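K.L.:
Turn this into a structure:
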Amino acid sequence: MFEKGCNSIVKILYLITSLENGGTQFVIPQIVEVFKQYGHSVEIVSCEARDMLGAGRLDEAGLSYTLMASRKRSKIRNIFSLVKIIRKLKPDFIWTSLSAATLVGQIAGKLTGVPVVSWKHSATVRSYTKAIQNFSKLWIADSPTVARFLETDVGVPKNHIMSWPLYCCDTSVTVSDYWNGDGVLRLGSIGRLAEQKNYFVLLEGLHLFRERNPALADRVCLTIVGEGHQRDELQSMINRYDMQNKVSLVGLLSKQDTAAFLEHLHVYIQPSLFEGMCLAAHEAMAAGLPVMATPVGELQKSVRDNETGFVLTDALPETICANLEKIFSDPSMLERLGKRAMHDVRADYGPDTFQENGFLILEKIRKDFVSA
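P.N.:
Sure, this is the predicted structure:
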C-alpha cells in the first residue's frame, strides 16, 4: 500500500480526447483526487472541445484544464501542440485516455522522451492503437474484461497491464421504493445518444411491448438522460410510434439531478453494443436498481439473469418485450434483484478499493520508470 507523501512530487499530464459529455468525465475528479492524495500534481489537457458538455463535470470539481483546440483538427497538429505543452510543463509522465488522445500522447511522448501510461476503456481497438501499443509503458484496463482484451487481442504483454476499474460507487444514492405492480413502471437509461448505446433497439422493444400488451401500454414510461447526434432521429422514432407521452429525452443532468433520477426509477436499461466498465449501469445497481442489459464489457459479470437483473441476448426487441412482460407478471422480483445488485456492486467497487487500485498503479509507475 502507498503511504501518502512518502515520495517526491510527480508531475502528471492527464491527456483526454475532448470535453464532450461521456462517462469518463464523471470519474476524472475521483482519479485526480487519488493522484493528489499521494502528493502528485496533475495538469488536465484536452485535445479538442467538441460539445464541451463534459467540462461542467470538471468545473463542478474545481478542476482547471487546458484546451489545445476549440474545434476538430488533425492529430498531427495536436501532436505538435502537445509537444510544446510538454516542454513547458516538463511532466514526469503522460496519462492518456481514449484512443485519439492515446495516439497523440504516445507520439508526443516518443518525441520528447516522456513515458506514457494509457487507459483502455472498452474491448475494441483502432488499427493504430494495436500498431504502436508498445509506445505506452503501461496500459490501464478499466475492467478485468478489458485487461484480457489488451493481452489477447491487442498483444500487450501481461506485465504491462494493470486494472483500475473506472468506477467508485456512490453509496449515498438509494432507490426510494420498489415497484409493487401499481401505477406506472418507470424505466430509465443514461448515455450518449450515439450508436454504441443502441437506443433505437430499446425503443423498438418498448413499442413491441405496447403493441402486444395494449392494456399495459400506458403503464410503462422510459426516460433517457444524455445528448448526442442521434437525438433528432430518436425523437422522430418516438413520434412515429406515438410514444411522445411515454418516452422522454431529457438531455444532460447535473450530478445531483442524476442521483434523484436513479432514486425514482424502477428498472435501469442498458442495451449497448459494447462497453468497458459502463459507469451508469453500475451506478444504477449501486443505488439498488435491477438492470436490464446486454452482456458486454463488465456488464457480462455484474448483470446476472434472475440474480441482479435481466440479460438481453439475441433478438433484443423481443427480449426487452419478454422481460417487461415478466416484470408485470411478478413485480416482487424487482426488490430481490435490486438489493442483490446493490450488495454486489458496493462490495466490489467501494471507495477504499478504488483508492487502493490507484495507489498500486502509481507505485508501479514510480518504481519502473519515473524514478529510473
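K.L.:
surely F359 meets F35?
P.N.:
No - counting by CB atoms under 8 Å, no contact exists between F359 and F35, whose distance comes to 9.9 Å. Quick note: C-beta positions are derived from backbone N, CA and C, even for glycine.
K.L.:
For R304, which non-adjacent residue is spatially closest?
P.N.:
Nearest residue to R304, sequence neighbours excluded (CB to CB, 6 or more residues apart in numbering): V311, at 7.3 Å.
K.L.:
Check that neighbour and give its pLDDT.
P.N.:
pLDDT recorded at V311 is 98.
K.L.:
That one: neighbouring residues, count only.
P.N.:
Here the count is done by other CB atoms under 10 Å, and V311 has 19 residues near it.
K.L.:
list the contacts for it?
P.N.:
Under the criterion of CB atoms under 8 Å, 6 or more residues apart in numbering, the contact partners of V311 comprise 293-295, 303-305.
K.L.:
Report the secondary structure element holding K364.
P.N.:
Counting by DSSP states H and E, the secondary-structure element that holds K364 is helix 351-365.
K.L.:
Quick check: bridge partners of the residue nearest to R304?
P.N.:
The residues paired with V311 through beta bridges, assigned by DSSP bridges, are A293.
K.L.:
Please name the residues that touch the closest residue to H229 other than its chain neighbours.
P.N.:
Nearest in space to H229, with sequence neighbours left out and distances taken as CB to CB, 6+ apart, is A194 at 6.4 Å. With contact taken as CB under 8 Å, 6+ apart, A194 is in contact with 228-230.
K.L.:
F93 now?
P.N.:
With CB under 8 Å, 6+ apart as the criterion, the residues that contact F93 are 10, 12-13, 114-117, 137, 365, 369-370.
K.L.:
at 7 Å what do you get?
P.N.:
The contact partners of F93, taken as CB atoms under 7 Å, 6 or more residues apart in numbering, are 12, 114-117, 365, 370.
K.L.:
So which of those residues sit within strands?
P.N.:
Cross-referencing the contacts of F93 against strands under DSSP state E gives 12, 116-117.
K.L.:
What subset of the residues you listed is buried?
P.N.:
Buried by 16 or more other CB atoms under 10 Å: 12, 116-117, out of the ones in strands among the contacts of F93.
K.L.:
can you pull out the strands in the stretch 201-350 of the chain?
P.N.:
Assigned by DSSP state E, counting those that start in this stretch, the strands in the stretch 201-350 of the chain fall at 220-225, 247-251, 267-270, 291-293, 309-311.
K.L.:
Pop the domain breakdown of the protein in here.
P.N.:
Taking automatic domain parsing as the domain assignment, the ranges for the chain are 11-167+350-370, 185-348.
K.L.:
For those domains, which has the smallest mean pLDDT value?
P.N.:
Within the domains of the chain, the least confident segment by mean pLDDT turns out to be domain 11-167+350-370, at a mean of 91.
K.L.:
Next, the buried residues of the one helix or strand A108 maps to.
P.N.:
Using DSSP H and E, the secondary-structure element containing A108 is helix 99-112. When neighbours are counted by 16+ other CB under 10 Å, the buried residues of helix 99-112 are found to be 99-109, 112.
K.L.:
Same question for stretch 128-143.
P.N.:
Under the neighbour-count criterion of 16+ other CB under 10 Å, stretch 128-143 has 129, 133, 135-143 buried.
K.L.:
how distant is it from the center of its chain?
P.N.:
19 Å (CA atoms, centre = their mean, to the nearest Å).
K.L.:
please begin residue numbering at 735 from this point
P.N.:
That works, and once the first residue is 735, the last one we named lands at stretch 862-877.
K.L.:
Quick one: residues in contact with it.
P.N.:
In this structure, residues lying in contact with stretch 862-877 by CB under 7 Å, 6+ apart are 833, 836-837, 840, 843-844, 849-855, 881, 884, 888-890, 894-900, 1010-1011, 1031-1032, 1095, 1098-1099, 1103.
K.L.:
Which members of the residues you listed are classed as buried?
P.N.:
833, 836-837, 840, 843, 849-855, 881, 884, 888, 890, 895-900, 1010-1011, 1031-1032, 1095, 1098-1099.
K.L.:
List just the nearest of the ones in strands among the contacts of F827 to A795.
P.N.:
Lowest distance from A795 to these (CB to CB) belongs to I746, with 16.1 Å.
K.L.:
Export the buried residues of stretch 862-877 as CSV, with columns for distance to D1064 and secondary structure.
P.N.:
Output for these, formatted as CSV (distance: CB to CB, whole Å; DSSP: H, G, I helix; E, B strand; the rest coil):
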residue, distance to D1064, secondary structure
T863, 45, helix
Q867, 48, helix
F869, 53, helix
S870, 49, coil
K871, 52, coil
L872, 48, strand
W873, 44, strand
I874, 42, strand
A875, 38, strand
D876, 35, coil
S877, 31, coil
